[in-house]
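Engineer: okay, sequence plus prediction incoming.
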Amino acid sequence: MVNVGILGLGGISQAHVSGWLNTKEARVVAVCDIRPQQLTRPVEQTGATAYTDFDTMMAKEKLDILDICLPTYLHSEYAVKAMDKGCHVLCEKPAGLTLSDLTQEYEAARRNGVHFMIAQVLRFWPEYLALKDIVAKGTLGRVLSGHMSRLSGIPVWSWDNWMKDKGRSGLVPFDLHIHDIDFMVSVFGAPKTVKSRRASSQGQDAVHALYEYDGFFITCDSAWYNCDYPFAASFRFQFEKGVVEYAGGTLHVYEEDGTSRVITPGIENGEAHKNGLGLPSSSGYENEIKYFVHCVLENQPTSRVPEEELKTVLSILRQL
Ligand SMILES: NC(=O)c1ccc[n+]([C@@H]2O[C@H](COP(=O)([O-])OP(=O)(O)OC[C@H]3O[C@@H](n4cnc5c(N)ncnc54)[C@H](O)[C@@H]3O)[C@@H](O)[C@H]2O)c1
């Protein structure tokens with residue numbers, strides 16, 4: 001059994017709390033947020049002790065794992081502090097805003113002999129894994145082109161409006177676009193070339209990018225629009241023998257013989273569940289948590305989220 005603390009109980013944390021509650025090898029013993037009102041619900045759900053100060057929590061609790069759901073600009077600082085106290089750390093994406101943030105995190109993990117993983121959830125999201133499987137097995141032949149999209153209204157929920165502040169969030173590249181290019185890099189490696197255009201005005205931020213590989217290309221668009229635009233994540237990949245499309249939470253395969261089918265990917269562990277941000281319900285968050293716990297308990301490297309691939313992703317994001 002591992003004892004877990006969660007740091008930062010804002011928007012995304014509800015998906016993590018649900019994931020931890022469904023992980024039988026773990027119990028959430030502490031939750032910490034500088035806003036006490038954020039702690040009421042997670043304390044009711046988990047029975048954890050509530051803290052409003054990180055140092056007090058670390059002094060009073062013996063945590064095996066710290067799960068960091070803080071604003072992006074605080075990830076590296078708190079991940080390093082926790083690892084220097086001997087905790088394994090699971091941290092929400094992104095690793096940080098600079099390569100130096102990432103390097104410091106992995107150096108702290110090595111220095112302290114602990115596990116560290118960035119929660120890049122699409123690497124654990126059943127429909128994205130189904131696409132990865134079709135690519136790897138060549139079921140529909142070679143990839144000819146791909147398109148990935150991630151759209152929403154300008155985030156209005158974030159604490160202190162940190163999300164709208166470029167210096168603290170990195171805006172759309174580090175909030176939305178990162179998901180798709182992290183998945184792209186995990187399946188296809190680093191692209192040969194990157195071309196992009198950005199449209200930003202009064203809080204709106206849209207990125208359109210073209211990533212070229214040998215023999216195919218992938219376009220991605222990610223945006224915060226200045227209206228109540230419903231969150232939508234999708235992809236469409238063209239293969240020699242068909243098209244694979246994920247939209248509205250459903251994965252379709254259209255084959256060259258005119259047939260089409262809906263794929264319901266096997267859920268790795270447990271049931272899909274809802275989260276606090278109106279994102280599609282998925283077992284992705286639970287899968288990443290269970291994988292991290294498995295790596296900690298079995299002392300296995302967190303090889304599904306390799307440091308080198310995170311570096312590639314960060315260096316692309318910094319060009320956009
Ligand atoms: N994987 C995903 O699908 C996904 C979705 C949304 C957000 N995220 C990531 O999760 C992170 C958090 O995003 P969010 O939307 O939950 O933000 P949020 O602003 O809603 O939540 C952050 C919380 O941290 C608390 N906080 C701030 N400073 C603190 C400190 N020093 N000590 C303790 N608590 C502190 C705030 O009070 C707030 O409750 C971001 O890095 C974001 O990129 C990931």
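Structural biologist: Yep, that arrived.

Engineer: could you count how many residues lie near the closest residue to residue 169 other than its chain neighbours?
Structural biologist: Nearest residue to residue 169, sequence neighbours excluded (C-beta to C-beta, 6 or more residues apart in numbering): residue 163, at 4.8 Å. C-beta here means a position set from N, CA and C on the backbone, and glycine is covered the same way. Neighbour count for residue 163, taken as other C-beta atoms under 10 Å: 23.

Engineer: any regions of the stretch 201-320 of the chain where pLDDT drops low?
Structural biologist: 265-282 (pLDDT under 70).

Engineer: how about the residues of the stretch 101-250 of the chain near the ligand?
Structural biologist: 121, 157, 158, 159, 175 (C-beta under 6 Å from any ligand atom).

Engineer: I'd like those laid out as a markdown table, including neighbour count, pLDDT and secondary structure.
Structural biologist: Formatted as a markdown table, these follow (neighbours: other C-beta atoms under 10 Å; pLDDT from 0 to 100; DSSP: H, G, I helix; E, B strand; the rest coil):
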| residue | neighbour count | pLDDT | secondary structure |
| --- | --- | --- | --- |
| 121 | 21 | 97 | helix |
| 157 | 11 | 87 | coil |
| 158 | 17 | 96 | coil |
| 159 | 16 | 97 | helix |
| 175 | 21 | 98 | helix |
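
Engineer: helix/strand/coil for the residue of the chain found nearest the ligand?
Structural biologist: Residue of the chain nearest the ligand, by C-beta to the nearest ligand atom: residue 10 (1.8 Å). Following DSSP: H, G, I helix; E, B strand; the rest coil, we place residue 10 in the coil state.

Engineer: and the pLDDT at it?
Structural biologist: Looking at residue 10, its pLDDT reads 98.

Engineer: tell me the centre residue of the chain?
Structural biologist: residue 120 (3.2 Å; C-alpha atoms, centre = their mean).

Engineer: so that one makes contact with residue 305?
Structural biologist: Yes - if you go by C-beta atoms under 8 Å, residue 120 and residue 305 touch, sitting 5.5 Å apart.

Engineer: how near is the residue located most distally from the centre of the chain to residue 236?
Structural biologist: Here the centre of the chain is the reference, and by C-alpha atoms, centre = their mean the most remote residue is residue 257, at 35.9 Å. According to C-beta to C-beta, to the nearest Å, residue 257 and residue 236 sit 19 Å apart.

Engineer: try residue 310
Structural biologist: Residue 310 is 26 Å from residue 236, by C-beta to C-beta.

Engineer: do residue 8 as well
Structural biologist: 34 Å.

Engineer: wasn't residue 103 part of a strand?
Structural biologist: No - assessed with three-state DSSP, residue 103 is helix; it does not lie in a strand.

Engineer: got the domain ranges for the chain?
Structural biologist: 2-119, 122-317 (automatic domain parsing).
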